[in-house]
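# Need coordinates for the following:
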Amino acid sequence: MRQIEYFCLASKAGSFSAAAKSAFVAQQTLSASVAALEGELGMPLFHRRRQGIQLTDFGGAFLPKAVAVLEAARSAESFAAQWKESTHGAVAFAYATASLQDEGTGFTLATLRDFRATHAGADLRVFELTSDSCLAAVERGSVDMAFVVGRPDPSVFEFEQIAEGSLLVAVPASHPLAERQAISFADLAEVDLFPVPDLNISYHRIVEGFARYGLAPRYAPVPFSLDHAREFVRSGRGVDFSPAHNAEMPHEGIAYVPLTEEDSFTLPLGLASKLGVPEKPLVGELREAIRRAACEENGRAGKR
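Residues are numbered from 1 along each chain as shown. So this is what the prediction gives:
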C-alpha cells in the first residue's frame, strides 16, 4: 500500500523529490519504494529523465487502478472507524414510565445495567419518558430505540412486541375496595384517579372501560411521578391504575386489586425504532439482550 501511495504521489508531482517532500520522507526512500513496486510488477512505471519523470504507457494504464486501490483502502478504513464508533459509541434508549421493574425476571432495568457492564466501551444512555414522548424522541432521532406501551403508527415506526402487560388497581389499604377480589370500572364511578403517564393505549383503554358503563374517568390534577402516584393512593385521595409488576413488591398502605374478568385487558409492550433507519450494531446487540431476557421470562411463564 505504501509503494502504491508513493507511486501515485510521484505521478502527480512529476518528480521523486517533490513527491518525497509532500510525503515527508527522504527522496531515496520514495524512489526506492517505487523501484520495488516496479520490480514486483515486472514492468517500469516511469521514464526517468534528467528533467524529471514521465509515466510509461504501462504506468499510465496502471495509475487509475492504483488510485482505485487507495480509495478502496480509505473506504475500508473509514468503514472500520464508523463500525468501531457505532459499536463503542453512544446509544440512546428510552422506556415508558413504570413499564420496567428495577430487577427480577424478564426484561428489567437490571438487563440494561448488565448490558452496560458487559459493553465497557459503549455509552448507553437511558431515559424514562411517557410512551408518547418515547415515540416522539425516536421519530426525532434523539433516541435509537424505545420500549413503549401500545403499537405505534406502522408508517413511521418498526415495532417488535416482546411482552404483554396488565394493570391492577392500586387502592388505599384501608379502603373498602381493598377487600374486593376484583374491581370493575363501575366501582370507580365516584373515585378520583391518578393520571396515567401518557395519552397512548393505556389511557384510551381506561376511557373505553368506563364508557361501557356510561361513565367517564375522573382524573385528579396531579403531576405524574411514581412517588406522587403512591402517595396519592396511600393518603386516601384516590386510586391508581398500576402495572401488575408493582404488586410484586409490597408498598405500605397500598393494596393491588385486579380488574374483573369482564373489564381486564392486556397491553402490548415492545421495542420501537424509526422505520427505514439503519440499525447500529450496538443497538442490534441491545435488542438481542432484551429479547433474551424477555424469552427467559416467557419460558418460565410457559412452564408455570
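
# State whether G104 and A247 are indeed in contact, as I suppose.
No: shown here, G104 and A247 do not form a contact pair, counting by Cβ atoms under 8 Å, at 12.0 Å. C-beta: built from backbone N, CA, C; applies to glycine.

# ok now stretch 7-23, how far from the chain's centre?
Stretch 7-23 has its C-alpha centroid displaced from the chain centroid by 48 Å (Cα atoms, centre = their mean, to the nearest Å).

# Map the structural domains onto the sequence of this protein.
Domain segmentation of the chain under automatic domain parsing yields 2-87, 90-303.

# Turn those domains into JSON lines, including mean pLDDT.
Output for those, formatted as JSON lines (pLDDT from 0 to 100):
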{"stretch": "domain 2-87", "mean pLDDT": "89"}
{"stretch": "domain 90-303", "mean pLDDT": "88"}
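
# out of these, deepest packed?
Mean neighbour counts were compared across the domains of the chain using mean count of other Cβ atoms under 10 Å; the top stretch is domain 90-303, at a mean of 17.

# How about the residue nearest the centre of the chain, nearest residue that isn't a chain neighbour?
Nearest residue to the geometric centre of the chain (Cα atoms, centre = their mean): M145, 3.1 Å. Nearest residue to M145, sequence neighbours excluded (Cβ to Cβ, 6 or more residues apart in numbering): S273, at 4.8 Å.

# my guess is the one you found meets E279, correct?
Yes: S273 is within contact range of E279, at 6.9 Å (criterion: Cβ under 8 Å).

# any residues in contact with both of these two?
Common contacts of S273 and E279 (Cβ atoms under 8 Å, 6 or more residues apart in numbering): D144.

# for the lengthiest strand in the chain, packing partners?
The residue-count maximum for a strand in the chain (DSSP state E) belongs to strand 157-172. In this structure, strand 157-172 makes packing contacts with helix 131-140, helix 226-234, strand 240-243, strand 254-258, strand 266-274, helix 281-303, judged by 3 or more Cβ pairs under 8 Å, 6 or more residues apart in numbering; DSSP states H and E.

# what does the helix or strand following that strand contact?
The helix or strand immediately downstream of strand 157-172 is strand 192-193, counting by DSSP states H and E. With contacts defined as Cβ under 8 Å, 6+ apart, strand 192-193 is touched by 206, 217-220, 237-241.

# From the centre of the protein, give me the residue that's furthest out.
Largest separation from the mean C-alpha position in the chain: R50, at 62.9 Å (Cα atoms, centre = their mean).

# In contact with that residue, which residues?
If you count contacts by Cβ under 8 Å, 6+ apart, R50 has none.

# Torsion angles phi and psi at it?
When read as degrees, to the nearest 10, the backbone of R50 gives phi -60, psi -40.

# Adjust the sequence numbering to begin at 53 for everything that follows.
Okay, residue one is now 53; in that scheme the one you just asked about reads as R102.

# No more questions from me, cheers.
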